[in-house]
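In: for reference, the sequence and a predicted model appear below.
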Amino acid sequence: MKVDGVPRRSIQLAADGETVEIVDQTGLPHRFETRRLATLEDAAAAIRDMRVRGAPLIGATAAYGLCFAVRRDPSAKAIEDACSTLLATRPTAVNLRWALGDMKTRILAVDEGRRVEAAYARAAEICDEDVAINAAIGENGLDLLSSMADRRPGPVDVLTHCNAGWLATVDGGTALAPVYRAHDAGIDVHVWVDETRPRNQGAGLTAWELAAHGVPHTVIVDNAGGHLMREGRVDLCITGTDRTCANGDVCNKIGTYLKALAASDNGVPFYVALPGPTIDWAAESGAVLPIEERAGEEVSTATGETETGEVRTVRLTPPGTPVFNPGFDVTPARLVTGLITERGVAEASAEGLLSLYPERRRAAAG
Ligand code: MRU
């Protein structure tokens, strides 16, 4: 995507060929700032503090974190320790585990003298693969939007939750990939953007991205979606997912489940866009997934920009109010109309997923 006319990815190798530059998402939408990551600790902190976030981007950042660790010490023990550090940063998005497992296999396959080179090569591939996957998701979701556009005059109204745009990936986005693709193809698309409390990834990040690309959008409070669906003002919902189970259950930002319930009650198609590495083939259903529990301050406070341009955090609740802050929820497959992947659109079921990833059927049989 372009920022101020300059093409950039949410994470990119710096000119020194060793460190990486990230877009610091904690500054958005108020400040566009980049930050340099040079060590394993930098990468782990960037993921933990949500300077980078979104399942695919977490995986890509962890891959570079492992590169930094290998540069410091290429021994198998140091690699194992680095993987444990990175794995502990965020529990729900499976891309982290996938990227680290994949990196480790590649790195340990060569002798110690060649591990740095192998690590950087694979991390770069993971980033490029993510971009290609998201382009394919955009292409595969385009038909859905263009067929909706043909049904009636006026814009296609898409509702999305959280941020599953280019900021959540290396580039291109998952849930927003079909939206960008359709917009670029001249289809009239409008996006209802759930603010996505408590961290406001919708109000802050999705709104910023869509504005930068010129896609018409409107931010709504998280509670408004059901009302809009009842009024017939939503043609379809598209969200991302942090982990997709083998049976088609999806785990995404807290509040996704409520949108799927409202969509089902109102006959609104509810699609989930996902790259293959987000599928946890070992998870039979959403019942087994770890749900991240985050700090209560995210709920009891809010951060924004004052009229004088200062970014301030204010308290919303009485001091000492108990708060519970689960970061994700599970939407059962029965509420999901379809899964938009890089290989096509499938039914949200074990059979649907296996029809797109037949190698998994063979792997399970063997
Ligand atoms: O807590 P976050 O901001 O990392 O949560 C992100 C989401 O829930 C996204 O929808 C998900 O990672 C899919 S991103 C392509």
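Out: Yes, it's here.

In: what residues of stretch 69-86 count as buried?
Out: 69, 70, 71, 74, 79, 82, 83, 85, 86 (16 or more other Cβ atoms under 10 Å). For every residue, glycine as well, the C-beta is placed using N, CA and C.

In: okay, and the beta partners of residue 22?
Out: Beta-bridge pairing of residue 22 under DSSP bridges involves residue 11, residue 35.

In: now do the contacts for residue 298.
Out: 198, 199, 325 (Cβ atoms under 8 Å, 6 or more residues apart in numbering).

In: which one (most neighbours) among those residues?
Out: residue 199 (25 neighbours; other Cβ atoms under 10 Å).

In: how much space between that residue and residue 291?
Out: Between residue 199 and residue 291 the computed distance is 15 Å (Cβ to Cβ, to the nearest Å).

In: do the same with residue 64
Out: From residue 64 to residue 291 the distance is 27 Å (Cβ to Cβ).

In: more neighbours: which of these two?
Out: residue 64 (30 against 15).

In: the more buried one sits in which helix or strand?
Out: Applying DSSP states H and E as the criterion places residue 64 in helix 55-72.

In: list the buried residues in that helix.
Out: For helix 55-72, by 16+ other Cβ under 10 Å, it's 55-71.

In: which other helices and strands does it contact?
Out: When contacts are defined as 3 or more Cβ pairs under 8 Å, 6 or more residues apart in numbering; DSSP states H and E, helix 55-72 sits against strand 11-13, strand 20-23, strand 34-37, helix 40-48, helix 76-87, helix 94-108, helix 115-151.

In: if we go to 7 Å?
Out: strand 11-13, helix 40-48, helix 76-87, helix 94-108, helix 115-151 (3 or more Cβ pairs under 7 Å, 6 or more residues apart in numbering; DSSP states H and E).

In: before we move on, back to that, intersect the buried residues of helix 55-72 with the contacts of the ligand.
Out: When contact is defined as Cβ under 6 Å from any ligand atom, those meet the ligand at 55, 56.

In: how many neighbours does the closest residue in space to residue 266 that isn't next to it in sequence have?
Out: Excluding the flanking residues, the one nearest residue 266 by Cβ to Cβ, 6 or more residues apart in numbering is residue 229, at 4.1 Å. The number of residues packed near residue 229 is 24, by other Cβ under 10 Å.

In: distance check, residue 229 against residue 187.
Out: 21 Å.

In: can you lay out the contacts of residue 298 as JSON lines showing distance to the ligand, pLDDT and secondary structure?
Out: As requested, the contacts of residue 298 are exported to JSON lines (distance: Cβ to the nearest ligand atom, whole Å; pLDDT from 0 to 100; DSSP: H, G, I helix; E, B strand; the rest coil):
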{"residue": "198", "distance to the ligand": "10", "pLDDT": "98", "secondary structure": "coil"}
{"residue": "199", "distance to the ligand": "7", "pLDDT": "97", "secondary structure": "coil"}
{"residue": "325", "distance to the ligand": "11", "pLDDT": "98", "secondary structure": "coil"}
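
In: per-residue confidence for the closest residue to the ligand within the stretch 101-250 of the chain?
Out: Per Cβ to the nearest ligand atom, the residue of the stretch 101-250 of the chain with the smallest distance to the ligand is residue 240, at 2.7 Å. Residue 240 is assigned a predicted lDDT (pLDDT) of 98.

In: now the phi/psi pair for it, please.
Out: With angles defined as degrees, to the nearest 10, residue 240 sits at phi -90, psi -170.

In: who's in contact with residue 135?
Out: Residue 135 makes contacts with residue 172, as judged by Cβ atoms under 7 Å, 6 or more residues apart in numbering.
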